[in-house]
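Asker: my questions concern the predicted model and sequence given below.
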Amino acid sequence: MSRQKSLLSLSQVVMFGLAYMTPIIVLGTFGVLAMVTSGAVSGAYAVALLAMLFTAHSYGRMACAYPVAGSAYAYVRHAIDERLGFIAGWAIILDYLFLPMVIWLIGAAYLNSAFPAIPVAAWLIAFIIVTTLINIVGLRLASAINGVMMLIQMLVIVAFVALAIRYIVGDASQPLFSLVPFTGMGEASGTLPMLMAGAAIACYSFLGFDAVTTLTEETRDPQRTLPRAILLITLIGGLIFVVVSYFVQLAAPGGVFENPDAAAYEIARNIGGDLFVSIFLIGLVVGQFASGIAAQASGARLLYAMGRDGLLPKRLLGQLGRYGTPVGGLVLSGMVALLALTMDVLSAASFINFGAFVAFALVNIAVMVHYYVREKRRGLHGAVFFLLFPLIGLFASYG
Amino acid sequence: MVSLDARALLLGGVWLAIGMLWLCWLTRGFRQPMPELASLTAAQ
């Protein structure tokens, strides 16, 4: 890589991470989370945010100890053992294969709500084919276009929240401040297992901090910048999730929707009318489409890197195609996404979370092994940051 | 993780098991070192 290339600053890395998280997904998956938590989506995001802060801290510490681009694989490999590192990488592959699938599945569910004549399967196959072709040809969206897409997303989110507030204020029986979005409704309301189940699903929304560690070599002063960026991304992204879901949950209490995979479509119509539904749909599909391209491309790059070094079948995955793109990995991820024809958003997201938790748990262990055991950082400061925090992160990944 | 539904845990477990088998094959039954993912682990 050219050293002359201008290096990324803290704010640029944070923007990359937030864009990778695709904040509008909080609206996209609202119905699924509301269903699982009986209407405590904000509570689920708050629990997820709290849990993720500890793992984010661990990622930051490892990015500081090993400023290399390999993320969980490299951290675990260096700090603990190369075979365990491979398992961390293998778990992350699961994420990168299923993430594009979930993104396309969400888009397909919403487009099917808008155009019921066209089945989900048709949208899904269209997303898979178009996105895979774009990535094979290697069409890069200019960063200006990416910026515009992020802006559209944020405007739609702000409009959604504003309309939700107007809707709540218009209903005299509804207070604007309430704990119900955090505790849920019905018999099981406020119980920890239910919030944990919701948080477990919400966790994949935080994968942006894993993605930014792949920017290590393009970042200015990565050992200082990355740990801060990782914490900021988790905090800002998490707060957006909590606040947005709070107002949406107040405007649409409970967890019963006609079509949970596309519940925000129904909510958008209730709070904003037919015109707003169209605007919301455009914002969601634009954001979702862009993040599908990015997720598939980064997954294929990981498969290519592992294939080239002989960790995966070299002939299938370790070679670049005519356009200099990792065709094998792209086609593989497109084929895996076909599994979505038999899946809903909830089960597909669960696989991502499984892979994420395995990797998160190993990274937390890596922090303890590297700092506490090997470097013997065992004062009060060390005990808190290199033993207690990773243990909480580990426990949260397990729970 | 244990809060995930049973099917995800089962299929995730199967995925990890496949990973272990593949690892076993790569290292010829854990007797040889692993190929290194040089591009991702090279130091700055």
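Answerer: Here it is on my side, so go on.
Asker: got the contact list for stretch A:366-380?
Answerer: A:58, A:61-62, A:65, A:75-76, A:78-80, A:382-383, A:385-387, A:389-391 (Cβ atoms under 8 Å, 6 or more residues apart in numbering or on different chains). Backbone N, C-alpha and C define where each C-beta goes, glycine included.
Asker: mind doing that once more with 7 Å?
Answerer: The contact list for stretch A:366-380 (Cβ atoms under 7 Å, 6 or more residues apart in numbering or on different chains) reads A:58, A:61-62, A:65, A:75-76, A:79-80, A:382, A:386-387, A:390.
Asker: make a ChimeraX selection of the buried ones in the residues you listed.
Answerer: One line in ChimeraX is enough to select the buried members of those, burial here meaning 16 or more other Cβ atoms under 10 Å in any protein chain shown:
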select /A:58,61,62,65,75,76,79,80,386,387,390
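Asker: which of the contacts of stretch A:366-380 lies closest to chain B?
Answerer: Nearest to chain B out of the contacts of stretch A:366-380 is A:Y75 (Cβ to the nearest Cβ; 9.8 Å).
Asker: name the helices or strands packed onto the helix or strand hosting that closest one?
Answerer: Per DSSP states H and E, A:Y75 falls inside helix A:71-79. On a contact count with 3 or more Cβ pairs under 7 Å, 6 or more residues apart in numbering or on different chains; DSSP states H and E, helix A:71-79 meets helix A:82-114, helix A:345-367, helix B:38-41.
Asker: tell me which of those lies nearest to B:R31.
Answerer: Nearest to B:R31 among the helices and strands packed on helix A:71-79 is helix A:82-114 (12.0 Å), distances taken as Cβ to Cβ.
Asker: relative to the whole chain's centre, how far out is the closest one?
Answerer: 9 Å (Cα atoms, centre = their mean, to the nearest Å).
Asker: likewise for stretch A:41-56?
Answerer: Per Cα atoms, centre = their mean, the centroid offset for stretch A:41-56 relative to its chain is 13 Å.
Asker: now do stretch A:23-33
Answerer: For stretch A:23-33, the distance to the chain centre is 11 Å (Cα atoms, centre = their mean).
Asker: what of stretch A:228-248?
Answerer: 12 Å.
Asker: who touches residue 21 in this structure?
Answerer: No chain was given, so I picked chain A. Applying Cβ under 7 Å, 6+ apart, the residues contacting A:M21 are A:205, A:208, A:237.
Asker: that's the other chain; I wanted chain B
Answerer: No contacts exist for B:L21 under Cβ under 7 Å, 6+ apart.
Asker: any idea how far it is from chain A?
Answerer: 11 Å (Cβ to the nearest Cβ, to the nearest Å).
Asker: let me know the average pLDDT across the longest helix along chain A.
Answerer: The residue-count maximum for a helix in chain A (DSSP state H) belongs to helix A:263-308. Across helix A:263-308, the average pLDDT comes to 91.
Asker: okay, which residue is most central for chain B?
Answerer: Against the mean C-alpha coordinate of chain B, by Cα atoms, centre = their mean, the closest residue is B:G19 at 3.8 Å.
Asker: so which helix or strand takes in that one?
Answerer: helix B:6-26.
Asker: go through that helix and flag the buried ones.
Answerer: Applying 16+ other Cβ under 10 Å to helix B:6-26 flags B:8, B:12, B:15-16, B:19, B:23, B:26 as buried.
Asker: show me the shaky parts of chain B.
Answerer: Along chain B, segments meeting pLDDT under 70 span B:1-2, B:36-44.
Asker: for chain A, same thing?
Answerer: A:1-5, A:140-143, A:188-190.
Asker: find the centremost residue of it, please.
Answerer: Short answer for chain A (Cα atoms, centre = their mean): A:S205, at 2.9 Å.
Asker: need the contact list for that one.
Answerer: Contacts of A:S205 by Cβ under 7 Å, 6+ apart are A:21, A:25, A:241.
Asker: closest to A:G147 among those residues?
Answerer: Using Cβ to Cβ, these come closest to A:G147 at A:M21, 15.5 Å.
Asker: how close does that closest one get to A:D261?
Answerer: 20 Å (Cβ to Cβ, to the nearest Å).
Asker: same question, A:S38
Answerer: 17 Å.
Asker: which residue packs closest to A:M52, ignoring adjacent ones?
Answerer: A:F206 (4.7 Å; Cβ to Cβ, 6 or more residues apart in numbering or on different chains).
Asker: Provide a list of residues in contact with the one you found.
Answerer: Counting by Cβ under 7 Å, 6+ apart, A:F206 has contacts A:48, A:52, A:234, A:237.
Asker: could those go into JSON lines alongside distance to A:T342 and neighbour count?
Answerer: JSON lines is the format used below for the contacts of A:F206 (distance: Cβ to Cβ, whole Å; neighbours: other Cβ atoms under 10 Å in any protein chain shown):
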{"residue": "A:A48", "distance to A:T342": "27", "neighbour count": "27"}
{"residue": "A:M52", "distance to A:T342": "30", "neighbour count": "28"}
{"residue": "A:T234", "distance to A:T342": "33", "neighbour count": "25"}
{"residue": "A:G237", "distance to A:T342": "31", "neighbour count": "25"}
